[in-house]
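[1] What follows is a predicted protein model with its sequence.
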Amino acid sequence: MPVLNERPYLERAVETVLAQDIDGPLELVIALAPSTDGTTELAERLAAGDDRIILVSNPAADIPVGLNLAIRAGSHETIVRVDAHSELEPGYTRHALATLERVRAANVGGVMRADGKAPFQRAVARAYNSPFGLGGGAYHGGDREGPAESAYLGVMRRAVIDEVGGFDESIRRGEDWELNLRIRRAGYRVWFDPALAVTYWPRESWSRLVRQFSATGRWRGELVRRFGRGNSLRFFAPPLLVVAMGLAIVVGALQLTGVLAGWWSLVASVVYLPVVAYAALVVAVAAGRGGGHGWRDKLWTLAVLPSMHLAWGAGFLSGVFRGAHDTVDTSRLGSRNTPLP
């Protein structure tokens, strides 16, 4: 479990890990980045109360670095990746281990079941759980078991992780996708099992959400630079939306200033069609069933969906043309003790 500024979520996440119902020994290795909200002190207190908790220092604060440190500090043949923003059902690990053996996979993952505690966070969760929100990847609501491109978190065979070289520490976002790409290219199977589900708590404010998606999009652009056609076509939808909106703004400005007029203005107006279609989809998703906590949640959904898509798409374009370089996700930096919106 890589951890940075997770004090409001850490204790519950640790409880759900240590409560796993499995036959055999279990340990939880927490890779501690330099937190500023009391996370380190809380982790030390939890470790003092349970000798199954092992703490390792992750001064670099990067997730793949922390994951590799935690894996090296572990002592068992199966690696269960967990997140401080997530909660596991008691039978999660036992079922995953059974699936790992049944299908002879190297990595097994399930559904990311996002949830929220306040209107904004619930709207983000609703977007996460919608195929329209995050592109319809299997772990965002799929219901058919089978081979997968990647796995959410993942229950992995340590021998395979060692064989392919662990997490690539030069990749700060999308490191799980890249690891699973190497696992598949090495001839092993990555498997999706919809019977596995993990509760995930999204970011709690608009600024944190935008920063998260901008960094993630930029790293996806970097992964496209590195791996090209190894990337799914669905990753290109948000940047195309950004381009379409940019063209619509330019055409609108030219029409308002009279530079575009007559027949040419009419032809150029076709650029509005994808933008109008997108806006209609956003309204339909926001107004539709699901997430049912009232009008505030629906209004936040109207803001959340385009924020996610445009931040990710703009980040993607920047990553493709300029690379990700030292881009980090700053959405978990600083104090987390602010009230939820």
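    Here it is on my side, so go on. Here the structure is a predicted model, which is why all the values come from computation and not from measurement. Residues are numbered from 1 along each chain as shown.

[2] which parts of stretch 270-283 are buried?
    271-272, 274-275, 278, 282 (16 or more other C-beta atoms under 10 Å). Glycine gets a C-beta too; all of them are placed from N, C-alpha and C.

[3] Low-confidence regions, the stretch 101-250 of the chain specifically.
    135-142 (pLDDT under 70).

[4] rerun that using 80 as the cut-off
    For the stretch 101-250 of the chain, applying pLDDT under 80 flags the ranges 134-143, 229-230.

[5] quick one: the strands in it?
    107-114, 146-147, 155-157, 190-200 (DSSP state E, counting those that start in this stretch).

[6] Against Ser307, how distant is the residue nearest to Leu196 when sequence neighbours are not counted?
    Leaving out its chain neighbours, the residue that sits closest to Leu196 by C-beta to C-beta, 6 or more residues apart in numbering is Gly110, at 2.5 Å. Using C-beta to C-beta, to the nearest Å, one obtains 27 Å as the distance from Gly110 to Ser307.

[7] Those two: which has the busier surroundings?
    Gly110 (27 against 19; other C-beta atoms under 10 Å).

[8] sorry, back to before: now the strands of the stretch 101-250 of the chain in a markdown table, with distance to Gly49?
    Formatted as a markdown table, the strands of the stretch 101-250 of the chain follow (distance: least, C-beta to C-beta, whole Å):
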| stretch | distance to Gly49 |
| --- | --- |
| strand 107-114 | 29 |
| strand 146-147 | 41 |
| strand 155-157 | 26 |
| strand 190-200 | 23 |
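
[9] Glu11 is nearest to which of these?
    Proximity to Glu11 (C-beta to C-beta) singles out strand 190-200 among the strands of the stretch 101-250 of the chain, at 14.8 Å.

[10] so what secondary structure elements neighbour the closest one?
    Packing contacts for strand 190-200, counted by 3 or more C-beta pairs under 8 Å, 6 or more residues apart in numbering; DSSP states H and E, involve strand 86-88, helix 92-102, strand 107-114, strand 146-147, helix 175-185.

[11] Of these, which stretch is the most buried?
    strand 107-114 (a mean of 25; mean count of other C-beta atoms under 10 Å).

[12] contacts for that one?
    With contact meaning C-beta atoms under 8 Å, 6 or more residues apart in numbering, strand 107-114 is reached by 92, 96, 99-100, 124-126, 128-129, 139-142, 148, 150-157, 160, 180, 183, 188-202.

[13] please redo it, this time with the cut-off set to 6 Å
    Strand 107-114 is contacted from outside by 96, 99-100, 125, 128-129, 139, 151-152, 154-156, 183, 190-191, 193-194, 196-197, 199-200, 202, using C-beta atoms under 6 Å, 6 or more residues apart in numbering.

[14] and the residues you listed, which are buried?
    Applying 16+ other C-beta under 10 Å to these flags 96, 99-100, 125, 128-129, 139, 151-152, 154-156, 183, 190-191, 193, 196-197, 199-200, 202 as buried.

[15] What's the separation between the closest residue to Gly294 other than its chain neighbours and Glu87?
    Nearest non-adjacent residue to Gly294, counting by C-beta to C-beta, 6+ apart: Pro119, 7.6 Å away. Separation of Pro119 from Glu87 (C-beta to C-beta) stands at 21 Å.
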